[in-house]
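Novice: Fold the following for me, if possible:
(one chain, ligands or ions: 2)
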Amino acid sequence: MLKEKYQEQLKSIIELLDYYIDGIYDIENEEDFEPMMEEFRQRCPYKCYISNGATKGVIVFGDLGFVIKTPLIYNSGGEEIYGAGGDHDWNYCEAEVKNYIAAQEYGVDKCFAKIEYIDSIGDTKHPIYIQEYVETIGVTNEMSSHTDEDINTVREIINQSPAYDYIDTNWEADLLASYGRKFYEKIKEFIYRQEINDLHKGNIGYNSKLPILLDYSGYHAW
Ligand SMILES: Nc1ncnc2c1ncn2[C@@H]1O[C@H](COP(=O)(O)OP(=O)(O)OP(=O)(O)O)[C@@H](O)[C@H]1O
Ligand SMILES: [Mg+2]
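Specialist: Ligands and ions are numbered 1, 2, ... in the order given. Model prediction:
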């Protein structure tokens, strides 16, 4: 369990975040986000940076080997909901946890960055999650261990099989080169079955040079 492995570091991070989380993720107070986040960063005993997406707030503790994720809050007709900015209440972190468990059951979890629910903190009982750190494309030089033949195989498979979305061809070729064709096809099948879309370059990366997904909650345009 990640929670247990990092319990010592998490203890001091959560103690501090418990104070800041309501302010940081208060949609009524967006202008306070930057100064409060900066204060949190300065007081936090561990080096970190913020890397929010459209649906999740993310605090990256690269040196420690994990990130903290939390669902972002939006205002929908005066009501505070989790989601992507529409009016559908959807906790994308919880969706990621469910997909991780499904990946374990399907036997493909080694390509999904492990994520776990930690606790609900602050006055608003805001849920927070821990996920293993992944080197994002741009931070790392891509593994590029694949051959031209791997690229051709990937293109062939992409043309033949149903898919929700385009995933980076080089990254897919690394997946094929690292784990072989059978496992590569199994993973693609799983991604399709779980309707995991939105696998753009910011949502994939490498862990010890092996390709891995870091955002696999999908994105819904409700
Ligand atoms: N496990 C991780 N390791 C390193 N960086 C991460 C990790 N998880 C998220 N990040 C960083 O935070 C960003 C936002 O996280 P994530 O993609 O999960 O959120 P999102 O809001 O669902 O994104 P999107 O905008 O794609 O919907 C990522 O693009 C990445 O840069
Ligand atoms: Mg993302």
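
Novice: can we go C-alpha only for contacts and neighbour counts from here?
Specialist: Noted.

Novice: For ligand 1, what's the nearest residue on the chain?
Specialist: Distances between the chain and ligand 1 by Cα to the nearest ligand atom are smallest at residue 53, namely 3.1 Å.

Novice: since we're on that residue, how many residues are nearby?
Specialist: Look at residue 53: counted by other Cα atoms under 10 Å, it has 14 neighbours.

Novice: Number the residues from 216 up from this point.
Specialist: In the new count, where the first residue is 216, that last one comes out as residue 268.

Novice: I'd guess it is in a helix, am I close?
Specialist: No. In this structure, residue 268 is coil, not part of a helix, as judged by DSSP: H, G, I helix; E, B strand; the rest coil.

Novice: what ranges do the helices span in the chain?
Specialist: Taking DSSP state H to define them, one finds helices in the chain at 217-220, 222-239, 248-258, 307-321, 363-375, 384-394, 396-408.

Novice: The first one and ligand 1, any residue contact?
Specialist: No. Helix 217-220 lies out of reach of ligand 1 by Cα under 6 Å from any ligand atom, never closer than 12.2 Å.

Novice: ranking the helices of the chain by burial, who's on top?
Specialist: Most buried of the helices of the chain, by mean neighbour count (mean count of other Cα atoms under 10 Å): helix 384-394, with a mean of 21.

Novice: who does that one touch, helix- and strand-wise?
Specialist: Helix 384-394 sits against helix 363-375, helix 396-408, strand 425-428, with contacts defined as 3 or more Cα pairs under 8 Å, 6 or more residues apart in numbering; DSSP states H and E.

Novice: Near ligand 1, which residues of this protein are found?
Specialist: Residues of the chain lying near ligand 1 (Cα under 6 Å from any ligand atom): 266-271, 273, 282, 346-350, 417-418, 429-430.

Novice: Quick one, which of these are buried?
Specialist: 270, 271, 273, 282, 346, 347, 348, 349, 350, 418, 429, 430 (16 or more other Cα atoms under 10 Å).
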